[in-house]
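> Need a 3D model of the sequence below.
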Amino acid sequence: MDAAPTDDQRFPLLSPTGRRMLGRLREHPHRPRYNFQTGDRLTEEGLARVRAYAARLRTERVGWRPGGLPPWVPPFVAFCRREVPFYRRQLDWPDEFAGLPTTDREDLRREPWAFVPDSADLTGLIVYTTTGTTGNRLKILSHPEVSSCYLPMMETALEAHGVRLEGGERVSIINVCAQKQTYVFASVSSLLDGAGFVKVNLNPDDWNDPDDRVRFLDDCDPELYTGDPFSFSELMKLPLRTRPKALISAATTLLPGLWRRLESHFGCPVLDIYSLNESGPVAFARGGDHEILPPDLYVEVLDSEGRPCPPGSRGEIALTGGNNPYLPLLRYRTADHAALDFSGPLPVLVGLEGRPPSVFRDGEGRIFNSIDVTIALRDLPLPFFALHQAADGALVFRTRCDEATKAAAEQALRTFFGPEPHLTIEMVPEAEPWQGKLIQYRSDVA
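Numbering: from 1, shown residues only. The predicted model follows:
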């Protein structure tokens, strides 16, 4: 059996500061029960490339207008046609970009290796498997520099709201989860000069003493918490003395009602990130529409036939570009939905809704989209929710909240759907940690 990697292998640029930080986090008297080890695997050359990407994010905001393309897209399409086996097999290449065939999750699941360009340097190749929460698992071929580029994207979004990460001899980021089980580990960031990064699970079973959660988090006093709406709702329950500079939420819908409560409780900006395993971060929002951030990602909104939707019309989000050398995306359909708005200097995603929309029916037989349900619930501080409508119209709404919010949610749903169909509100018990990402809407209505 091969020996486990050493810290110097996980962190080729491990500095004395980083080494001290790893020791502090691993030996902390109130540490969580770590069950995993990882590192950024950044080399000197890799760190230089990530820093160059960070500089590009701050200076290069490439937008486009309806019917137009960023200037880098045509050369990128030519590269894909020449270098990428999956795209090269397509015999019919129209002159118009909008006529190119789309790709989707099933293409990637079936043969991820076919998306690797012939000229790609495979040094540093890593493969990870997605959780498969919303379908079949994917094997994503990637590189350590790709995941390291997440941090500059978050920093760029934070700086737009007056927040700057200092790094150095401190814990900069803690990723909080609230699940039955997940990876828990301590790490450091070469990009932040050896600052600490920790992933914790707020489930008391992952700690020697439930009170250690507060002791550990307060002692770490991170600059930034990352997580999802549910884990942040659980974090609010802890009597923390310290406050971060910001929170970044991902994975599930962050309703404006909860966003306002989080900002009030923690006294800092709360950003929502739209991100995929296949592409990394796509867009950020602070209580509103999602602003597209990466300069190397072109975003379309398509109808069911793969045609671009008019500005303001909802459709499926498709991505072209990205910074993963082993996964150049070309009109990749994400199964997420929104509309594009071009009223400002840069395009933004409006009404973003993850996963395919579901069709619901109210008591009078009228059919409508799941985004309408989200709008009806938008002012409620729900940490998570899932709504299922059976074929006979009966509704089951699952969430966890206080009694006042539960009553408000029931009233909003009854107002929206009418006195019929039958509505059941199920409260997820405290002993049942939510499993991170979820399918919020399901419907058996034809």
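> Of all residues in the protein, which one is nearest the centre?
Centroid-nearest residue in the chain, with C-alpha atoms, centre = their mean: residue 275, separated by 3.6 Å.
> which non-adjacent residue is nearest it?
residue 281 (4.5 Å; C-beta to C-beta, 6 or more residues apart in numbering). Bear in mind the C-beta positions are built from the backbone N, C-alpha and C, glycine included.
> List the contacts of that neighbour.
Going by C-beta atoms under 8 Å, 6 or more residues apart in numbering, residue 281 touches 150, 153, 154, 273, 274, 275, 293, 294.
> let's go with 6 Å and repeat that
153, 273, 275 (C-beta atoms under 6 Å, 6 or more residues apart in numbering).
> repeat for residue 182
Counting by C-beta under 6 Å, 6+ apart, residue 182 makes contact with residue 201.
> Can you check the pLDDT for it?
Looking at residue 182, its pLDDT is 84.
> ditto for residue 439
69.
> ditto for the one 3 residues further on
What the model reports for residue 442 is a pLDDT of 84.
> ok, now the one 4 residues further on?
According to the predicted model, the pLDDT of residue 446 comes to 65.
> if we can go back for a sec, quick check: which element contains the residue nearest to residue 275?
Residue 281 is part of strand 280-285, with elements assigned from DSSP states H and E.
> right, and the helix or strand after that strand?
Downstream of strand 280-285, the next assigned helix or strand under DSSP H and E is strand 290-292.
> can I assume residue 177 is in contact with residue 201?
Yes. Using C-beta atoms under 6 Å, residue 177 makes contact with residue 201 at a distance of 4.8 Å.
> what's the distance between residue 50 and residue 442?
Residue 50 sits 39 Å away from residue 442, taking C-beta to C-beta, to the nearest Å as the criterion.
> re the thing from before, secondary structure class for the residue nearest to the centre of the chain?
Using DSSP: H, G, I helix; E, B strand; the rest coil, the structure places residue 275 in strand.
> Return the distance of it relative to residue 153.
From residue 275 to residue 153 the distance is 9 Å (C-beta to C-beta).
> Kindly report the same for residue 251.
Distance, residue 251 to residue 153, using C-beta to C-beta: 16 Å.
> so residue 78 is in which element?
Assigned by DSSP H and E, residue 78 falls within helix 73-83.
> hmm, back to that, higher neighbour count, residue 50 and residue 442?
Higher neighbour count among residue 50 and residue 442: residue 50, with 23 against 14, using other C-beta atoms under 10 Å.
> Quick check, the more buried one in contact with residue 147.
No. Counting by C-beta under 6 Å, residue 50 does not reach residue 147; the two are 9.8 Å apart.
> Look at residue 254 and report its pLDDT.
On pLDDT, residue 254 comes in at 86.
> how many neighbours does it have?
24.
> Provide the secondary structure category for it.
Under three-state DSSP, the three-state class of residue 254 is coil.
> Off-centre distance for the strand holding residue 281?
Relative to the chain's own centre, strand 280-285 is displaced by 7 Å; criterion: C-alpha atoms, centre = their mean, to the nearest Å.
> in its sheet, what does that strand sit against?
strand 270-276 (antiparallel), strand 290-292 (antiparallel) (DSSP bridges).
> Could I get the average pLDDT for that strand?
On average, strand 280-285 scores 93.
> Could you do stretch 163-179 as well?
On average, the pLDDT along stretch 163-179 is 94.
> Am I right that residue 370 is in contact with residue 359?
No. Checked against C-beta under 6 Å, the pair residue 370 and residue 359 is beyond contact range at 7.7 Å.
> Those two: which is more packed in?
For the pair residue 370 and residue 359, the greater number of neighbours falls to residue 370 (21 against 14), based on other C-beta under 10 Å.
> sorry, back to before: what does the helix holding residue 78 contact?
87, 117, 118, 119, 298, 328, 330.
> How about the contacts made by the first one?
In this case it means residue 87. Residues counted as contacts of residue 87 (C-beta under 6 Å, 6+ apart) are 80, 81, 330.
> Now do the phi/psi pair for it.
Main-chain torsions, residue 87, degrees, to the nearest 10: phi -80, psi -30.
> Just want to check the distance between the closest residue to it other than its chain neighbours and residue 48.
Leaving aside its chain neighbours, residue 87 sits nearest to residue 80 (4.4 Å; criterion: C-beta to C-beta, 6+ apart). From residue 80 across to residue 48, the span is 26 Å (C-beta to C-beta).
> who's more crowded, the two?
residue 80 (21 against 11).
> Against residue 180, how distant is that one?
Taking C-beta to C-beta, one finds residue 80 at 41 Å from residue 180.
> Then residue 22?
Distance, residue 22 to residue 180, by C-beta to C-beta: 27 Å.
> Strands along the stretch 151-300 of the chain, start to end?
With DSSP state E, counting those that start in this stretch as the criterion, the stretch 151-300 of the chain has strands at 171-177, 185-189, 195-201, 224-227, 246-249, 270-276, 280-285, 290-292, 297-302.
> what ranges of the stretch 301-446 of the chain fall below the confidence cut-off?
355-357, 369, 371, 430-439, 446 (pLDDT under 70).
> and the longest strand seen in the chain, what does it pack onto?
Across the chain, the longest stretch assigned as strand under DSSP state E is strand 329-341. With contacts defined as 3 or more C-beta pairs under 6 Å, 6 or more residues apart in numbering; DSSP states H and E, strand 329-341 has these neighbours: strand 315-321, strand 348-353.
> For residue 216, find the nearest of those.
Of all the helices and strands packed on strand 329-341, strand 348-353 sits nearest to residue 216, with 33.6 Å by C-beta to C-beta.
> Any idea how far the closest one is from the middle of the chain?
14 Å.
> Stretch 235-249 too?
Offset of stretch 235-249 from its chain centre (C-alpha atoms, centre = their mean): 19 Å.
> can you give me the mean pLDDT across that stretch?
The average pLDDT for stretch 235-249 rounds to 97.
> What is the end-to-end distance of it?
End-to-end distance of stretch 235-249 (C-alpha to C-alpha, to the nearest Å): 12 Å.
> ok, residues contacting it?
For stretch 235-249, contacts defined as C-beta under 6 Å, 6+ apart pick out 154, 158, 163, 176, 214, 218, 221-226, 228-229, 265-273.
> OK, contacts around residue 145?
46, 49, 50.
> hey, where'd the helices end up in this structure?
In the chain, the helices defined using DSSP state H lie at 7-10, 16-27, 44-59, 73-83, 85-88, 105-110, 144-148, 150-159, 212-220, 229-236, 256-266, 370-377, 403-417.
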